[in-house]
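1. Take this sequence and fold it.
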Amino acid sequence: MNKSFLDKILCPVCKNGFEIKNLQTCPNNNHYGLLVCRCTEYPLVAGIPILKTKTNIVKKAIQFIREGDYQKALNAALTQLPKYPELNHKYVNALPNRYGFNKIKRKIHKFKLLNWEKQAHNFFNKTNKTTTATQLFKFYFLESGKKRQNAYDYFTYRFGQPRHLSALALATSIDNSIKPVLDLGCGFGHITRGLTKRHNVIGIDNNFYLLFVAKHWIAQKAEFICCEGDADLPFYDNTFCSTMCVNSFHFFENKDNCITEVKRVIDDKGSIILAAIHHSKTKTKTPNTALSVSEYANLFKDMPHTIIADDTLLIRYKNKQGPALNGRYNIKEIEKEELISLVAVHDKEKLIDHGEFDEWPHSVVNNDGSLQVNPLYVKEHKNSIKTKNEQYRLQFPSKFYEDENDLCKTYLPHTASINSDIFKQ
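-> The predicted structure is shown next:
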């Protein structure tokens with residue numbers, strides 16, 4: 001485990017640093033062990049510290065690490081049991097809510113839960129370098145209880161979405177530093193991956209499964225910690241040069257504490273970026289705890305800040321321009337926007353127009369150096385021997401996705417012709 005990474009983290013309870021015990025390096029450079037502080041111990045699973053209170057999952061992971069059974073420790077951390085009655089067939093759940101029927105429904109769910117857990121562990125045991133992130137998305141969203149097709153589509157096609165590009169535009173405003181960037185509520189690590197082009201990054205999220213996929217598939221250059229984003233953060237003061245939180249902050253319960261903690265862990269030259277956030281007047285089908293625009297602004301009344309519409313960020317991004325942070329915002333006008341972003345700094349001189357950037361922030365190749373077509377495009381014809389061109393057509397996975405990401409049509413052509421030689425470079 002990277003010592004410089006360990007030196008940055010502390011116990012969120014007793015505020016002391018850690019000593020590593022039972023450290024073991026497994027295949028693919030996966031580290032397992034116990035992080036011991038003055039008050040307790042936490043598991044290190046597949047290189048990811050789980051700094052959470054001792055839930056059953058954490059207790060099991062610690063037990064298996066002590067026993068030296070690291071695959072079981074990983075399975076315990078990854079396994080999130082579907083809640084009753086998600087595994088039952090809809091006809092079973094349609095039975096009357098009476099004592100006798102409820103008992104039958106629970107027994108059926110319990111039986112299916114045992115089978116599902118065996119299938120889950122079998123899937124995790126077979127996970128290797130040939131497994132794709134899409135397969136892991138599919139298991140998590142479509143094969144683990146209640147099907148969440150919209151969420152699956154969101155993460156599968158995330159890299160080309162308007163809100164992703166707007167967030168990348170904001171990321172260009174972060175100054176280079178020897179200190180890392182904190183990616184707060186990083187999820188599967190899509191933005192984290194973009195940030196690692198210019199920065200060292202530590203991502204945090206309260207969901208280990210998401211972090212496991214991020215660390216080993218999507219953002220392999222970053223470090224990750226499983227902990228709560230709106231509780232006391234497990235870092236020393238002034239650890240980070242900046243903090244970025246994308247499409248997550250409106251879900252946090254304790255926003256006041258979160259911002260207090262973020263201000264503590266960034267240095268006096270740093271910035272705080274809340275990107276792609278909903279506000280209280282945003283119409284959305286996803287439950288959240290969004291604040292009003294003025295309430296978001298009040299969280300940063302002690303810091304110079306600005307609020308920008310994500311649509312404005314996207315327009316500039318398409319022109320290869322970073323964000324213009326030097327303008328004043330009008331709350332009534334901002335309230336008309338569906339998605340907004342907020343940037344706060346310690347130094348008012350940092351709120352500038354960032355102008356044109358040198359290279360596209362989204363231009364990240366695969367880990368093996370190869371290029372890949374945006375998965376929203378489906379191949380129409382086989383490449384012609386004469387032209388070597390392959391024809392592609394834009395196809396959204398659902399009407400819901402198309403409506404949510406309608407601005408894609410302003411920069412993704414309906415059809416495309418690509419020379420097959422480009423994939424050999």
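2. how close does the residue nearest the centre of the chain sit to residue 396?
-> Nearest to the geometric centre of the chain sits residue 187, at 2.1 Å (CA atoms, centre = their mean). Here the criterion is CB to CB, to the nearest Å. By it, residue 187 lies 21 Å from residue 396. Every residue, glycine included, has its C-beta placed from N, CA and C.
3. what do you get for residue 349?
-> Distance, residue 349 to residue 396, by CB to CB: 43 Å.
4. These two: which has the busier surroundings?
-> Counting neighbours by other CB atoms under 10 Å for residue 349 and for residue 396 shows that residue 396 has the greater number, 18 against 9.
5. Can you classify the closest residue to the more buried one other than its chain neighbours as helix, strand or coil?
-> Of all residues not flanking residue 396 in the chain, residue 402 sits nearest, at 4.0 Å (CB to CB, 6 or more residues apart in numbering). Following DSSP: H, G, I helix; E, B strand; the rest coil, the label given to residue 402 is helix.
6. can you map out the strands along the stretch 151-300 of the chain?
-> Per DSSP state E, counting those that start in this stretch, the stretch 151-300 of the chain has strands spanning 181-184, 201-205, 223-226, 240-246, 266-277. These are given in chain order.
7. Tell me which residues are up against the third one.
-> Taking contacts as CB atoms under 8 Å, 6 or more residues apart in numbering, the residues outside strand 223-226 that touch it are 2, 5, 9, 47-52, 77, 180, 186, 189, 201-208, 211, 214-215, 234.
8. CA-only coordinates of that strand in PDB, if you can.
-> Output of strand 223-226 as PDB, limited to C-alpha atoms (Å, rounded to 0.1, in the frame of the first residue of the first chain):
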ATOM      1  CA  GLU A 223      -6.700   6.000  -4.600                       C
ATOM      2  CA  PHE A 224     -10.100   5.400  -3.000                       C
ATOM      3  CA  ILE A 225     -11.600   5.200   0.500                       C
ATOM      4  CA  CYS A 226     -15.000   3.800   1.500                       C
END
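9. Distance from the chain centre to it, please.
-> Relative to the chain's own centre, strand 223-226 is displaced by 11 Å; criterion: CA atoms, centre = their mean, to the nearest Å.
10. and what of stretch 51-58?
-> Relative to the centre of its chain, stretch 51-58 is centred 21 Å away, using CA atoms, centre = their mean.
11. so for stretch 343-358, what's the average pLDDT?
-> Averaging the model's pLDDT scores along stretch 343-358 yields 94.
12. Give the ranges of residues in the protein that sit below the confidence cut-off.
-> Applying pLDDT under 70 to the chain flags residues 364-369, 381-387, 424-425.
13. Longest helix in it, by number of residues?
-> As assigned by DSSP state H, the longest helix anywhere in the chain is helix 99-126.
14. Report the buried residues of that helix.
-> 105, 108-109, 112-113, 116, 120-121, 123-124 (16 or more other CB atoms under 10 Å).
15. Dump those residues to a markdown table, plus distance to residue 170.
-> Putting the buried residues of helix 99-126 into a markdown table (distance: CB to CB, whole Å) gives the following:
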| residue | distance to residue 170 |
| --- | --- |
| 105 | 48 |
| 108 | 48 |
| 109 | 44 |
| 112 | 44 |
| 113 | 42 |
| 116 | 40 |
| 120 | 37 |
| 121 | 40 |
| 123 | 36 |
| 124 | 35 |
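16. helices and strands around the helix or strand following the longest helix of the chain, which ones?
-> Elements were assigned by DSSP states H and E; along the chain past helix 99-126, the next helix or strand is helix 133-142. Here helix 133-142 is seen to pack against helix 149-156, helix 208-213 when contacts are counted using 3 or more CB pairs under 8 Å, 6 or more residues apart in numbering; DSSP states H and E.
17. mind redoing it with 6 Å?
-> Judged by 3 or more CB pairs under 6 Å, 6 or more residues apart in numbering; DSSP states H and E, the packing partners of helix 133-142 are helix 149-156.
18. ok, and what's touching the helix it packs on?
-> Among residues not part of helix 149-156, those counted as contacts by CB atoms under 6 Å, 6 or more residues apart in numbering are 134, 137, 141-142, 188, 397, 400-401.
19. which of the residues you listed count as buried?
-> If you count burial by 16+ other CB under 10 Å, the buried members of the contacts of helix 149-156 come out as 137, 141, 188, 397, 401.
20. next one: stretch 6-17 to chain centre, how far?
-> Relative to the centre of its chain, stretch 6-17 is centred 23 Å away, using CA atoms, centre = their mean.
21. Pull out the buried residues from that stretch.
-> The neighbour-count criterion (16+ other CB under 10 Å) identifies 6, 8-13 as the buried residues of stretch 6-17.
22. and it, how far apart are its ends?
-> 8 Å (CA to CA, to the nearest Å).
23. And stretch 117-136, by the same measure?
-> One end of stretch 117-136 sits 15 Å from the other (CA to CA).
24. can you pull out the strands in the stretch 301-425 of the chain?
-> Listed in chain order, the strands of the stretch 301-425 of the chain (DSSP E, counting those that start in this stretch) span residues 305-309, 340-345, 377-381, 389-394, 415-419.
25. Quick one: list the elements packing against the first one.
-> What it means is strand 305-309. strand 340-345.
26. Same question for the third one.
-> Contact here means 3+ CB pairs under 6 Å, 6+ apart; on that basis strand 377-381 packs against strand 389-394.
27. quick one: residue 393 and residue 417 touch, right?
-> No. Using CB atoms under 6 Å as the test, residue 393 is too far from residue 417 to be in contact (10.7 Å).
28. quick one: residue 300 and residue 343 touch, right?
-> No. Counting by CB under 6 Å, residue 300 does not reach residue 343; the two are 9.3 Å apart.
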